[in-house]
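>>> My questions concern the predicted model and sequence given below.
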Amino acid sequence: MNTQIAENLEQVSSRINAAEKAAGRISGIVQLIAVSKTRSTIEVRNAVTAGAHHIGENYLQEALDKQAALTDIDIIWHFIGPIQSNKTHTIANHFDWVHSIDRLKIARRLNDQRDADKTPINVCIQVNISNEETKSGISLNELPGLAAQINELPNLNLRGLMAIPAPEQSAAALSADFARMQHSLDELNQSGLTLDTLSMGMSGDIEMAIAAGSTMVRVGTAIFGPRNKPQA
């Protein structure tokens, strides 16, 4: 086993535990997702062996290759990348969680294409919380309507919201983005939904995200080291 990955994972877990304590959160309430895009199957196996059983992938074909090679170990697979319409059938049947739904068309395709013998997919709606023109995600104004529609789809289990705030912004702006996400989740629950997941926070802002209410942090670099070049 790669001891560096194991050591990194232990450090990240310690950061999460300390952030939970500092924020007055219940210990263990925040789930770590090890983001393994561009990482090798061996690296993923090492991370899982060290205790990271939730694995997040951005690229579908890369994820499928890893899944095929890792059938002997227990992994909960999360799809966290942009979703193309022609890939919804495969995503619907190869992942336990999908974090990046931002339009009803994609939600309906995932719902309709989920195999009948499988339980509903856990899903999150991706919010473009920083209003970036080049980033996926729905606006906060459109969020209530989309959430209500997705909640009616029987093969999707709407769990909450996901966001990737704009990079290189001030700590105050980042904190405000995270706070808006928590407020939006609260508003949806007040409207009658029962959501329990905020997927936000990455290697550099774990503590701030947890302080704002995150229940899932998506961490790659802090576990695996500097990123490899994407596969062709």
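That came in fine, so what should we check first? Residues are numbered from 1 along each chain as shown.

>>> Would you mind giving the secondary structure of Glu207?
Under DSSP: H, G, I helix; E, B strand; the rest coil, the three-state class of Glu207 is helix.

>>> if I look at it, how far off is Ala222?
Separation of Glu207 from Ala222 (CB to CB, to the nearest Å) stands at 12 Å. The way it works is simple: take the backbone N, C-alpha and C, and place the C-beta from them, glycine included.

>>> so where do the helices sit in this structure?
3-22, 41-49, 60-69, 88-94, 104-113, 143-151, 171-190, 206-211, 221-224 (DSSP state H).

>>> residues touching the nearest residue to Asn58 once chain neighbours are set aside, list them.
Closest residue to Asn58 apart from its sequence neighbours, by CB to CB, 6 or more residues apart in numbering: Gly81 at 3.4 Å. For Gly81, the contacting residues are Lys37, Glu57, Asn58, Tyr59, Leu60, Ser100, by CB atoms under 8 Å, 6 or more residues apart in numbering.

>>> try Leu161
124-127, 143, 181, 184-185, 188, 195, 197-200.

>>> among the residues you listed, who's most crowded?
Among these, the one with the most neighbours (other CB atoms under 10 Å) is Met200, at 30 neighbours.

>>> Quick check, that residue in contact with Ser214.
Yes - using CB atoms under 8 Å, Met200 is in contact with Ser214, at 4.8 Å.

>>> overlap in contacts of the two?
What both Met200 and Ser214 touch, as defined by CB under 8 Å, 6+ apart, is the set Phe178.

>>> For the residue lying closest to Ser191 once chain neighbours are set aside, give me the pLDDT.
Excluding the flanking residues, the one nearest Ser191 by CB to CB, 6+ apart is Pro144, at 6.6 Å. What the model reports as pLDDT for Pro144 is 97.

>>> and the gap between Pro144 and Ala163?
For Pro144 relative to Ala163 (CB to CB), the value is 16 Å.

>>> Settle it for me: which of these two has more neighbours?
Counted by other CB under 10 Å, Pro144 and Ala163 do not tie: Ala163 has more neighbours, with 25 against 14.

>>> Provide a list of residues in contact with the nearest residue to that one once chain neighbours are set aside.
Take Ala163 and drop its neighbours on the chain: the residue closest to it by CB to CB, 6+ apart is Ile129, 4.3 Å away. Contacts for Ile129 (CB under 8 Å, 6+ apart) come out as Gly137, Leu140, Ala163, Pro165, Asp177, Arg180, Met181.

>>> Same question for Leu195.
Applying CB under 8 Å, 6+ apart, the residues contacting Leu195 are Ala147, Leu158, Arg159, Gly160, Leu161, Leu185, Leu188, Asn189.

>>> Turn those residues into a markdown table, including distance to Ser85 and pLDDT.
Below are those laid out as a markdown table (distance: CB to CB, whole Å; pLDDT from 0 to 100):
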| residue | distance to Ser85 | pLDDT |
| --- | --- | --- |
| Ala147 | 21 | 98 |
| Leu158 | 20 | 98 |
| Arg159 | 22 | 98 |
| Gly160 | 23 | 98 |
| Leu161 | 22 | 98 |
| Leu185 | 27 | 97 |
| Leu188 | 26 | 98 |
| Asn189 | 30 | 98 |
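
>>> Need those residues in a markdown table (columns: distance to Gly51).
Output for the contacts of Leu195, formatted as a markdown table (distance: CB to CB, whole Å):
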| residue | distance to Gly51 |
| --- | --- |
| Ala147 | 33 |
| Leu158 | 28 |
| Arg159 | 23 |
| Gly160 | 24 |
| Leu161 | 26 |
| Leu185 | 28 |
| Leu188 | 32 |
| Asn189 | 31 |
